[in-house]
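> build me a model from this:
(2 chains)
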Protein chains: 2
Amino acid sequence: MATPRVTLRDVAERAGVSRTTASFVMTGRRDMRISADAEARVRQAARELNYRPNLVARSLRTNLSQTIGLISDVIATESFAGEVVRGSLATAVRNEHLMFIGETEGDAEVEQRLVQDMLDRGVRGFLYGSMYTRQATLPAILRGHPVVLLNCVTRGRSHAMVVPDEREAGRTAATALLEAGHRDGIVVVGELPSHVIAARERDEGIRRALDAAGTAPAGAVDCLWWPEPARTAVGAFLRDGGRATAFIAINDRVALGIYQALAAAGWRVPEDVSVVSFDDSDLAAWLDPALTSIAIPHFELGRRAVELLLDEDRRTGVHRVPMPLRGRASIGPPRG
Amino acid sequence: MATPRVTLRDVAERAGVSRTTASFVMTGRRDMRISADAEARVRQAARELNYRPNLVARSLRTNLSQTIGLISDVIATESFAGEVVRGSLATAVRNEHLMFIGETEGDAEVEQRLVQDMLDRGVRGFLYGSMYTRQATLPAILRGHPVVLLNCVTRGRSHAMVVPDEREAGRTAATALLEAGHRDGIVVVGELPSHVIAARERDEGIRRALDAAGTAPAGAVDCLWWPEPARTAVGAFLRDGGRATAFIAINDRVALGIYQALAAAGWRVPEDVSVVSFDDSDLAAWLDPALTSIAIPHFELGRRAVELLLDEDRRTGVHRVPMPLRGRASIGPPRG
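Reported below is the predicted structural model:
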């Protein structure tokens, strides 16, 4: 007994917005100004009603005549999310391709077998994906086959590589604070320096934006990228008399730890201190107050990678996908 | 430049536990008592180091000679998580099968085409999956082919169906509170009655366990399954003089909203009130204090479904996968 198909109108009604607003949110259009609150309500209503925009049916014209393969070190984590798989799948099917999926767990032998078995079945091209943005060495067996790297890069420029624009995201975060009036009290929280490319690039972007404004981070709190280490480290920072007008959290999990440490110390967000973060995971919208965060464009990364794979004239080298600011309630002016 | 492969020893060292403890955590063995804290540290270290137990290489014997397909309404959400895909994939590959993946977005025409195109490529069987546990009607095109339903059920018993044991989970949650001494002050928070099978079954399990102990829920707070609605509803409950010794949150997102409402009202967890929840999403371990939650066994659901699909003597009907209690710090004795 299937439930009746949920329409966009149902979503709009539940969210208390116009159908047009709901449509703009669900299709990701940004050419109409929509409040973060309305966007959050639409997304919430869509999830509650189990609404999905029908990307596939909208443009499916004929049979899925060809096949591509997604080879990844790990399929499921919160950072290399299922949304990447969704973006890849939707774009593959819209272009009449089925998709194999394979997880190597970082094992070269498994990788070799998965690729060979997919080739044996006539796979015409591969997405080669990674959980964290990293340097990768393509296996020899992929040589001569169409490959697009997804969330990883190789030396040289013989392949197309799709990664989030982390450096620009760092700049975006710092600029959001500068525009709110912060300047000499901005503290970065995360594991720094980091071996993680995303962290290094975010940090570079932050420093460049502050440098262009004639300032620099007031300090850095070094901690692992999880709530509890961040809570402990920021708690110690505050107890030691550390002062900040704003924290830049290296990701949303760290921001949660910052919120917890601030709450324990009696500081309010954003009245006493502002917080901005990266990832725009679900967590960001759930925090109280809701967290301003720079989004990893998961769906878009998958979509872009498949588009490039199916484009025989694709440009090689690094394709950086913008990371949009999701403005919420965690940034205010510095406390006078 | 690939990073050297992270070993279990690296994980154990970072987590500050023995290699044996780390091994038990990573392989999911439960026959050694491991503290929730140690388990959390091992999992955290494993993620930070990007360690993955090599399930595939461990038992891959020969080529992947056959193919199965995973057809799902939606691939990526926090509840029907990528871990289901991981569990399915790892088990398929271990049994020498490649896996196609297809997302229908609930559209019957897309479903028909995906299935047909997979059949054209010699797919020998299907997992038919759903995001939320629900009643499903199998498309006619699947008739006569091996199919296992994953997280959904059909009328009749002609297929094998794999679902989480939600009713038993409800009983587990209530029993955890009863064992801590709670009895007549247990309040359930969520959208009740719900059209969602999981919610109905959780609620039934809670009521049965309380009934067997000669009591019943002291009340119910009705709200949507998200932090903000829960925060608002529980805030109103407390302002109106509502009293509870413990809250059962229908999921971890609702529990987050409960924590936020309690913090705003000056109640401490678990000294003033206990909280237990369902899902055991990442969020549960991140809250302060860490949240006791009944886990959805995502990986295990995928694993079990593939095992059944590849077993020609599979038992039809409903296979319920246990939902384990993840005990943390949010349950204490009722306040004297």
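
> show me where the stretch 201-336 of chain A has helices.
A:227-239, A:252-265, A:282-286, A:298-310 (DSSP state H, counting those that start in this stretch).

> and the third one, how far out from the chain middle?
Meaning helix A:282-286. Here helix A:282-286 shows a centroid-to-chain-centroid distance of 13 Å under the convention CA atoms, centre = their mean, to the nearest Å.

> quick check: mean pLDDT across that helix?
Across helix A:282-286, pLDDT averages out at 92.

> ok, residue A:209 to residue A:325 distance?
13 Å (CB to CB, to the nearest Å). Glycine gets a C-beta too; all of them are placed from N, C-alpha and C.

> among these two, which residue is more densely surrounded?
A direct count of neighbours by other CB atoms under 10 Å in any protein chain shown for residue A:209 and residue A:325 places residue A:209 higher, at 22 against 18.

> test my guess that the more buried one contacts residue A:167.
No: the pair residue A:209 / residue A:167 is not scored as a contact, 9.9 Å apart, by CB atoms under 8 Å.

> after the worst-scoring helix or strand of chain A on mean pLDDT, next one along is what?
When the helices and strands of chain A are scored by mean pLDDT, DSSP states H and E, helix A:55-59 comes last with a mean of 44. Using DSSP states H and E, the helix or strand that follows helix A:55-59 towards the C-terminus is strand A:66-72.

> buried sites along the helix or strand just after that following strand?
Counting by DSSP H and E, the next helix or strand C-terminal to strand A:66-72 is helix A:82-94. Neighbour counts over helix A:82-94 (16 or more other CB atoms under 10 Å in any protein chain shown) mark A:82-94 as buried.

> again, but for stretch A:324-334
A:324-326, A:328, A:330-332, A:334.

> hey, C-alpha coordinates of it in CSV?
Extracted in CSV, the C-alpha atoms of stretch A:324-334 (Å, rounded to 0.1, in the frame of the first residue of the first chain):
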residue,chain,number,x,y,z
PRO,A,324,28.2,28.5,-0.4
LEU,A,325,27.7,30.4,2.9
ARG,A,326,24.6,29.3,4.8
GLY,A,327,23.9,32.3,6.9
ARG,A,328,22.0,31.6,10.2
ALA,A,329,22.0,33.1,13.7
SER,A,330,25.5,32.6,15.1
ILE,A,331,27.2,35.7,13.9
GLY,A,332,26.6,39.1,15.5
PRO,A,333,28.6,42.3,16.0
PRO,A,334,31.6,42.0,18.4
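
> where does pLDDT dip in chain A?
By pLDDT under 70, the low-scoring segments of chain A are A:1-5, A:27-33, A:52-65, A:76-81.

> give me the domain ranges for it.
A:8-53, A:62-164+A:297-325, A:166-296 (automatic domain parsing).

> next, see if stretch A:222-230 gets close to chain B.
Yes: shown here: stretch A:222-230 in contact with chain B (CB under 8 Å from any CB of the partner chain) through A:224-228.

> which parts of that stretch are buried?
For stretch A:222-230, using 16+ other CB under 10 Å, the buried residues are A:223-230.

> what does the stretch 101-250 of chain A have sitting close to chain B?
Residues of the stretch 101-250 of chain A lying near chain B (CB under 8 Å from any CB): A:101-107, A:109-110, A:113-114, A:116-118, A:120-121, A:131-132, A:134-137, A:155, A:195, A:224-228, A:231.

> give me the buried subset of the residues you listed.
In those, the ones that pass as buried (16+ other CB under 10 Å) are A:101-107, A:110, A:113-114, A:117-118, A:131-132, A:134, A:136, A:224-228, A:231.

> from residue A:44, how far off is the residue nearest the centre of chain A?
Nearest to the mean C-alpha position of chain A, by CA atoms, centre = their mean, lies residue A:296 at 1.4 Å. Distance, residue A:296 to residue A:44, using CB to CB: 20 Å.

> same thing with residue A:311?
36 Å.

> those two: who's more crowded?
The residue with more neighbours, out of residue A:311 and residue A:44, is residue A:44; 20 against 13, by other CB under 10 Å.

> now do the contacts for that one.
Counting by CB atoms under 8 Å, 6 or more residues apart in numbering or on different chains, residue A:44 touches A:15, B:224, B:226, B:228.

> in contact with the first one, which residues?
Translated: residue A:15. A:22, A:38, A:41-42, A:44-45.

> hmm, back to that, ok, the buried residues of stretch A:324-334 vs chain B, which is closest?
residue A:328 (11.8 Å; CB to the nearest CB).

> number of residues surrounding the closest residue to that closest one other than its chain neighbours?
Spatial nearest neighbour of residue A:328, chain neighbours left out: residue A:290 (3.8 Å); criterion: CB to CB, 6 or more residues apart in numbering or on different chains. Residue A:290 sits with 19 neighbouring residues when counted by other CB under 10 Å.

> you'd agree residue A:290 is up against residue A:331?
No: applying CB under 8 Å, one finds residue A:290 not in contact with residue A:331, separated by 10.8 Å.

> surely residue A:131 is within a helix?
No: Residue A:131: not assigned to a helix; according to DSSP: H, G, I helix; E, B strand; the rest coil it is strand.

> so it is in contact with residue B:50, correct?
Yes: taking contacts as CB under 8 Å, residue A:131 lies within contact range of residue B:50: 6.6 Å.

> find the residues that touch each one of these two.
A:73-74.

> coming back round to it: next step: the residues of the stretch 101-250 of chain A next to chain B restricted to strands.
A:101-103, A:131-132, A:134-135 (DSSP state E).

> mind putting the residues you listed in CSV, distance to residue B:243 included?
As requested, those are exported to CSV (distance: CB to CB, whole Å):
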residue, distance to residue B:243
A:101, 51
A:102, 54
A:103, 49
A:131, 46
A:132, 47
A:134, 52
A:135, 57
